Every structure is written in structure tokens, then in C-alpha cells.
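A.B. asks: no sequence for this one, just the structure:
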Ligand code: NAD
């Protein structure tokens with residue numbers, strides 16, 4: 001299938017696997033790219049730029065297809081050396097960077113000079129307008145259904161994507177709530193040029209996480225997410241568990257500080273949970289699309305199924321129209 005996004009990335013299928021903290025490593029990223037979509041590895045998963053360099057090289061060994069790097073500028077407990085990560089991407093010939101969490105303007109001149117295409121993750125129409133204005137090549141619009149940090153406006157994909165389509169002319173990837181062929185058709189109907197999936201890709205054979213994590217996503221439903229850190233205006237949508245209940249209890253008392261939540265929300269605790277499979281240990285970003293996740297396929301099986309289902313829907317609906 002050809003869209004403005006498949007053209008931009010040089011891929012066969014309009015399916016994007018955006019950054020997933022701790023999960024979007026070479027194994028998953030290369031599997032998505034080999035299946036005809038595009039994977040983005042998450043820079044901050046790596047403690048420093050040199051480790052990211054090694055991961056980029058590892059991924060190149062695993063695929064000759066295009067892939068990119070995600071760079072998230074949200075608040076962190078361990079401030080990253082962003083310029084060093086960017087320099088490594090440039091030195092390693094990365095052609096696509098997905099930015100998120102804050103306006104990427106300070107880095108745009110450097111990225112553009114290196115010929116890198118920038119796709120910026122936005123959670124509002126106004127941020128997508130700004131992204132186009134500062135020279136981003138595409139945006140990925142995160143609706144409120146999304147895992148992780150969906151912003152503070154609480155507007156769903158069904159509204160955000162068509163409004164963004166009306167407001168900007170650069171390509172759009174629809175993100176948040178998408179997990180199957182129906183989602184792909186919907187994303188295109190809403191005016192997007194591709195769909196992004198995050199949580200769906202965690203429940204794949206190649207995702208480098210403990211089997212318990214994948215099984216938990218299959219077992220959970222659309223009501224199994226909670227919103228934490230709302231009181232800090234850094235909302236994160238996560239899978240409900242004991243650690244999350246504790247965070248919500250602390251926040252409900254009022255005046256919570258990030259320091260009070262660190263034992264539960266720290267990414268390092270979340271990383272251990274993903275590796276060891278102790279599902280109540282920390283927080284796991286997860287989207288409402290969990291209700292649509294019923295198996296643990298390979299990325300190729302997943303993308304084949306999505307494309308087949310999408311084609312069947314479009315054919316059937318077209319026949320009904322004429
Ligand atoms: P971390 O261990 O540095 O922080 C844990 C959580 O606390 C994160 O959600 C972070 O945003 C939040 N946090 C840290 N300092 C804060 C502050 N001063 N005020 C408010 N909130 C604060 O995070 P990590 O797990 O190592 O992840 C690294 C980065 O990737 C973070 O910025 C995180 O937000 C981001 N991330 C993004 C997504 C997404 O949906 N885009 C998902 C997971 C992680």
C-alpha cells in the first residue's frame with residue numbers, strides 16, 4: 001500500500017512502531033521493519049549514547065530495511081545527554097527520528113542539516129500545528145486512548161486526527177487505540193497516512209520482554225488501564241496493578257511530589273518488571289487497545305493479518321457503496 005508515510009519512509013505498509021521505553025530494542029524494531037512497517041528504537045532505553053550506537057549497529061545486522069530512533073523530551077529522573085544521542089544518530093546515518101514530549105525546535109537545524117526526517121509525536125492539534133511550523137516532516141498524533149503520556153487534554157483519536165488533518169498539510173500517523181485492521185482503515189478514513197501501534201507490539205513474539213508481560217496484555221481488557229501522575233500534570237496511562245494502586249492512593253491524599261512516587265514509577269523499576277515478569281513491581285505503560293489484543297503473534301503474522309483484514313474491509317464497504 002502507498003501513502004505519504006510509506007513514501008516518506010520507503011516502506012511497504014503504513015504501520016509504525018513508535019518508541020517504547022525498554023521494549024523498542026533491535027529485536028522488535030528489526031522485526032517490524034522486516035515485516036514491511038517501520039520500527040523506532042527508543043534512545044533513552046540506553047544509558048548513554050555509545051550504547052545506543054551499539055544497538056543501532058546491532059539492528060543493522062538484523063534488517064536492511066529502514067528504521068528510526070525515538071527521542072523523548074519528557075521530564076526524567078536521570079537527565080539524558082540529548083546532544084550526544086543526536087550526534088550518534090547522525091554519525092550512524094539514522095535517517096528518521098521520532099521526537100516526543102517537548103517542542104524539538106532546538107534540535108531541528110542540526111537534524112535538518114544532517115538530512116534527517118523528523119516525525120514529532122503530538123497530543124493536541126496546537127502542538128501538531130507548531131510541529132509543522134518548526135519544520136517537522138510528519139506528526140504522530142496520540143489520542144487519549146494511548147499508552148504512556150497522552151497529554152492533559154483528554155481528547156481521543158477520533159477527534160484529534162481529523163482536526164489535525166484539517167489544520168496541517170504534512171503527513172500524519174494516527175496513534176492511540178490502534179491494534180488491528182479495523183484500526184488501520186479507521187486511521188486512513190480519519191485522514192492519517194499510517195497508524196502507529198505501541199502496546200500491540202509489546203504482545204508479539206519478538207518483543208524482548210518477559211512472557212508474563214505479554215500474557216498480562218492478552219488477559220487485560222479495555223478497562224484495565226489507569227491514569228497516574230495526573231496531579232503532576234505528567235499523566236501516564238498504565239496497566240492497573242498493585243504499584244499503580246499505591247501511586248493513586250498517594251496522589252489522592254493531595255500535594256504529591258515526584259519523589260513520593262519514585263519507588264513505584266521509576267523507569268528502572270519498570271525495566272526490572274519487564275525483564276523479570278513480576279507484574280506488580282512497577283508501572284507498565286499500556287493503552288486501552290488491550291481489549292483488542294488476544295494473542296501473541298510474530299510481527300510478520302500481525303502485519304500480514306492487519307493488511308489482509310484492512311483490504312477485506314475496504315473491499316466489502318466499497319461493494320456496499322456501489
Ligand atoms: P524516569 O525513571 O526518568 O521517570 C519515571 C516517570 O516519572 C516518567 O514517567 C517521568 O516522565 C516521570 N517524571 C520524572 N521526573 C519527573 C518530574 N520532575 N515531574 C513529573 N514527572 C516526572 O523515566 P523512564 O521510565 O526512565 O523513561 C525515560 C523517559 O521516557 C521519561 O521521560 C518518560 O516519561 C519517557 N516515557 C515516555 C513514554 C511515552 O508515552 N511517550 C512512555 C514511557 C516513558
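C.D. replies: Noted; the coordinates are in hand. From a predicted model like this one, the values you see are computed outputs, not experimental measurements. Residues are numbered from 1 along each chain as shown.

A.B. asks: can you map out the helices along the stretch 101-250 of the chain?
C.D. replies: 105-113, 125-133, 157-167, 181-189, 199-202, 211-219, 242-252 (DSSP state H, counting those that start in this stretch).

A.B. asks: what angle do the second one and helix 105-113 make?
C.D. replies: Helix 125-133 runs at 40 degrees relative to helix 105-113, counting by axes from the mean of the first three to the mean of the last three CA atoms, to 10 degrees.

A.B. asks: how about the nearest residue to the residue of the stretch 101-250 of the chain at minimum distance from the ligand, chain neighbours excluded?
C.D. replies: Distances between the stretch 101-250 of the chain and the ligand by CB to the nearest ligand atom are smallest at residue 148, namely 1.9 Å. In this view, the C-beta of every residue, glycine as well, is placed from N, C-alpha and C. Among residues not flanking residue 148 along the chain, residue 285 sits closest, at 4.1 Å (CB to CB, 6 or more residues apart in numbering).

A.B. asks: from memory that neighbour sits against residue 21, does it?
C.D. replies: Yes: assessed by CB atoms under 8 Å, residue 285 is found in contact with residue 21 at 7.0 Å.

A.B. asks: mind showing which ranges of the stretch 151-300 of the chain have poor pLDDT?
C.D. replies: Applying pLDDT under 70 to the stretch 151-300 of the chain flags no residue at all.

A.B. asks: Residue numbers of this protein in contact with the ligand?
C.D. replies: Residues of the chain lying near the ligand by CB under 6 Å from any ligand atom: 21, 44, 72, 74-78, 100, 148-149, 229, 232, 234, 236, 258, 265-267, 270, 285.

A.B. asks: Mind checking which of residue 285 and residue 21 has more residues around it?
C.D. replies: Taking neighbours as other CB atoms under 10 Å, residue 285 and residue 21 compare with residue 285 leading, 21 against 18.

A.B. asks: Phi and psi next, for the more buried one.
C.D. replies: phi -60, psi 130 (degrees, to the nearest 10).

A.B. asks: Who does it form a beta bridge with?
C.D. replies: For residue 285, the beta-bridge partners are residue 238 (DSSP bridges).

A.B. asks: Pull the residues that contact stretch 289-298.
C.D. replies: Applying CB atoms under 8 Å, 6 or more residues apart in numbering, the external contacts of stretch 289-298 come out as 31, 35, 145, 177-180, 183, 197, 199-200, 203-206, 214-215, 217-218, 220-225, 239, 305.

A.B. asks: Would you mind measuring the gap between the ends of that stretch?
C.D. replies: 18 Å (CA to CA, to the nearest Å).

A.B. asks: Stretch 200-220 now?
C.D. replies: End-to-end for stretch 200-220, by CA to CA: 12 Å.

A.B. asks: ditto for stretch 198-208
C.D. replies: Stretch 198-208 end-to-end distance (CA to CA) = 14 Å.

A.B. asks: which of the residues in it are buried?
C.D. replies: For stretch 198-208, a neighbour-count test (16 or more other CB atoms under 10 Å) marks 198-207 as buried.

A.B. asks: roughly how far out does it sit from the chain middle?
C.D. replies: Taking CA atoms, centre = their mean, to the nearest Å, one finds stretch 198-208 lying 11 Å from the centre of the chain it belongs to.

A.B. asks: for stretch 248-259, same thing?
C.D. replies: On CA atoms, centre = their mean, the centre of stretch 248-259 falls 27 Å from the chain's centre.

A.B. asks: Strands of this structure, start to end?
C.D. replies: For the chain, applying DSSP state E gives strands covering 15-17, 38-42, 68-72, 96-100, 117-122, 138-142, 172-175, 194-196, 225-228, 236-239.

A.B. asks: Alright, I will stop here.
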